[in-house]
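Engineer: Give me a model of this one.
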Amino acid sequence: MVNLLHSRRMILVCAGLVALTGMILVLVFGPSPTTRQPIKIGLATTLSGPASTTGVHARNGAMLAVEEVSAKGGVRGRPVELVIKDDKADTEEALRVDQALIDEGVVAILGHYLSTLAVATVPLMNERGILMIGLGSITSALTGLDDQFMRVEIPVDREAPMMAALAYDRLGLRDMVVVYDASNPKIADSWYTHFGKEFGNRGGRVSDVVSFDSRKSFSAPDLARSIIKTRAEGMFLVTSGMHGALICQHLRRLGSTITVVASGWTFPSPDFLSNGGLAVEGTVSVSGFEEVPSSKRAVAFRQAYERRFGTKPTEPSQNGYEAAHILLEALAVTDDPGRLKEIILKKKVFQGIGGQIVFDEYGDPIRPAYIVEIRNRHIATLGKAEPAKP
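Structural biologist: The predicted structure follows:
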């Protein structure tokens, strides 16, 4: 009996020693390889074709954010891996790459830049319980919805009225033509509807619409002639940066002096300025990006971006950077995909590059906006534009 009790005591002592040894090993060598598995974040945007410039800049901003956090030890001691896919500006491809990212085990997806692709893929996010943070998907079709989508850029239903006020009040325009590309219908329709409504409410008139679908055909000379025939004082441009620049080039060649107001699809793209040259001088817009940084945070971001990529950041760069940092802050609390939006909305206020980003109950942002104009082939900030409140 004594021997039996002694044997039991020895077993308990040995078990305790084994447990203690395990604890010491964890303290000395760190957590097990399983707990150090990388947290995977998906990024899906347009990285090839005519609409790729904005997508590349958004990707670069997200990469910079992930690299900064990884350099500081990652999230809760775990490395962060950014899994990048090209949606090729195609709805079916966007659905395919999003499903591929989910299958690879990402906890959330940053994307897409084109609104039409975001509208097509959000139902998949809802079905799978995966949060998508939009990089530039500002269509009003996604405003005010309790779903698995949120974004960092001001949505069209809040930004378009600011542009209509700019056109009517500051520029003195009363008669405008809207020129839009139907290849991205969710954003084109949103801009046309909300701009036209506010411009009309102020006493202006959208007298004509010139539309085209760049997926099927695009002739800048023909479009320019159609615009001139409308005899409108001003043009509201709802196209990609490249197409908008080419239209402006041919308008000026034909002697048109029409005033150009550019939408948030057209103006943030570096393609508009680089390909438009003197033809886009005087173009005005409203932007969430401060071209000349006025805060330490904005200066630091610009310097880090230029060191990493050898070029100046743009609004899409800022979108990618901010979206990634907001997601990474949420991941510091939980890596449960189903709780990420809840965590972000609970915090509500985040520090963006140009000021605070305040999310409403659905994940749509209220943030600073600026009136900008192209002057001497550079973008000049003319002042702040007050965003409309939800």
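Engineer: In this protein, which residue is most central in space?
Structural biologist: Centroid check for the chain by C-alpha atoms, centre = their mean gives residue 135 as the closest residue, at 1.9 Å.
Engineer: Make sure that one is actually in contact with residue 319.
Structural biologist: Yes. With contact defined as C-beta atoms under 8 Å, residue 135 reaches residue 319; the gap is 5.1 Å. The C-beta positions use only the backbone N, C-alpha and C, and glycine is treated the same way.
Engineer: what's the overlap in contacts for those two?
Structural biologist: Residues touching both residue 135 and residue 319 (C-beta atoms under 8 Å, 6 or more residues apart in numbering) are 58, 152-153.
Engineer: Go through the residues you listed and say which is closest to residue 277.
Structural biologist: Within the set of the shared contacts of residue 135 and residue 319, residue 58 lies nearest residue 277; the separation is 24.6 Å, counting by C-beta to C-beta.
Engineer: the helices in this protein, which residues?
Structural biologist: Counting by DSSP state H, the segments of the chain that form helices are 2-29, 52-71, 91-103, 115-128, 156-165, 185-201, 220-230, 241-253, 270-276, 296-309, 315-331, 340-347.
Engineer: Out of these, which is closest to residue 38?
Structural biologist: Ranking the helices of the chain by proximity to residue 38 (C-beta to C-beta) places helix 52-71 first, at 9.3 Å.
Engineer: The closest one - contacts with which helices or strands?
Structural biologist: Contacting helix 52-71 under the criterion 3 or more C-beta pairs under 8 Å, 6 or more residues apart in numbering; DSSP states H and E are the following elements: strand 39-45, strand 80-86, helix 241-253, helix 270-276, helix 296-309, helix 315-331.
Engineer: Lowest mean pLDDT across the ones you listed, which one is that?
Structural biologist: Least confident of the helices and strands packed on helix 52-71, judged by mean pLDDT, is helix 270-276 with a mean of 93.
Engineer: hmm, who's touching that helix?
Structural biologist: With C-beta under 8 Å, 6+ apart as the test, helix 270-276 has contacts from 53-54, 57, 240-242, 244-246, 248-249, 262, 266, 280, 283, 314, 374, 377, 379.
Engineer: ok, now with 6 Å
Structural biologist: Helix 270-276 has contacts (C-beta atoms under 6 Å, 6 or more residues apart in numbering) with 53, 241-242, 244-245, 248, 266, 314.
Engineer: Put together a markdown table for the helices of the chain, with mean neighbour count and distance to residue 44 on each row.
Structural biologist: Compiled in a markdown table, the helices of the chain are given as follows (neighbours: other C-beta atoms under 10 Å; distance: least, C-beta to C-beta, whole Å):
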| stretch | mean neighbour count | distance to residue 44 |
| --- | --- | --- |
| helix 2-29 | 10 | 37 |
| helix 52-71 | 22 | 9 |
| helix 91-103 | 18 | 5 |
| helix 115-128 | 20 | 8 |
| helix 156-165 | 24 | 21 |
| helix 185-201 | 21 | 16 |
| helix 220-230 | 17 | 30 |
| helix 241-253 | 23 | 20 |
| helix 270-276 | 21 | 21 |
| helix 296-309 | 15 | 20 |
| helix 315-331 | 26 | 12 |
| helix 340-347 | 17 | 17 |
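Engineer: Of all these, which one is nearest residue 142?
Structural biologist: Taking C-beta to C-beta as the criterion, residue 142 comes closest to helix 115-128 out of the helices of the chain, the separation being 6.4 Å.
Engineer: So which residues make contact with that closest one?
Structural biologist: Applying C-beta under 6 Å, 6+ apart, the set of residues contacting helix 115-128 from outside is 87, 91, 94-95, 98, 102, 112, 132, 134, 137, 139, 141, 147-149, 184-187.
Engineer: Show me the shaky parts of the chain.
Structural biologist: Applying pLDDT under 70 to the chain flags residues 1-35, 386-390.
Engineer: Any buried residues in stretch 209-219, and which?
Structural biologist: 210-212, 214, 218 (16 or more other C-beta atoms under 10 Å).
Engineer: before we move on, back to that, closest to residue 308 among the shared contacts of residue 135 and residue 319?
Structural biologist: Closest to residue 308 out of those is residue 58 (14.3 Å), distances taken as C-beta to C-beta.
Engineer: Would you mind measuring from that closest one to residue 174?
Structural biologist: Plainly put, residue 58 is 36 Å away from residue 174 if you go by C-beta to C-beta, to the nearest Å.
Engineer: Check residue 217 too.
Structural biologist: 32 Å.
Engineer: end to end, how far does stretch 68-79 reach?
Structural biologist: Taking C-alpha to C-alpha, to the nearest Å, the first and last residues of stretch 68-79 lie 11 Å apart.
Engineer: could I get the helices and strands packed on helix 52-71 as TSV with distance to residue 195?
Structural biologist: Output for the helices and strands packed on helix 52-71, formatted as TSV (distance: least, C-beta to C-beta, whole Å):
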stretch	distance to residue 195
strand 39-45	25
strand 80-86	31
helix 241-253	15
helix 270-276	18
helix 296-309	28
helix 315-331	19
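Engineer: what's the closest of those to residue 355?
Structural biologist: Distances from residue 355 to each of those were compared using C-beta to C-beta; the shortest belongs to helix 296-309, at 9.1 Å.
Engineer: Off-centre distance for that closest one?
Structural biologist: Centroid separation between helix 296-309 and its chain, computed with C-alpha atoms, centre = their mean, to the nearest Å, is 18 Å.
Engineer: relative to helix 315-331, how tilted is it?
Structural biologist: Between helix 296-309 and helix 315-331, the angle formed by their directions is 110 degrees, by axes from the mean of the first three to the mean of the last three C-alpha atoms, to 10 degrees.
Engineer: can you give me the angle helix 296-309 makes with helix 52-71?
Structural biologist: 100 degrees.
Engineer: Identify all contacting residues around helix 296-309.
Structural biologist: Contact partners of helix 296-309, identified using C-beta under 6 Å, 6+ apart, comprise 60, 64, 293, 313, 353-354.
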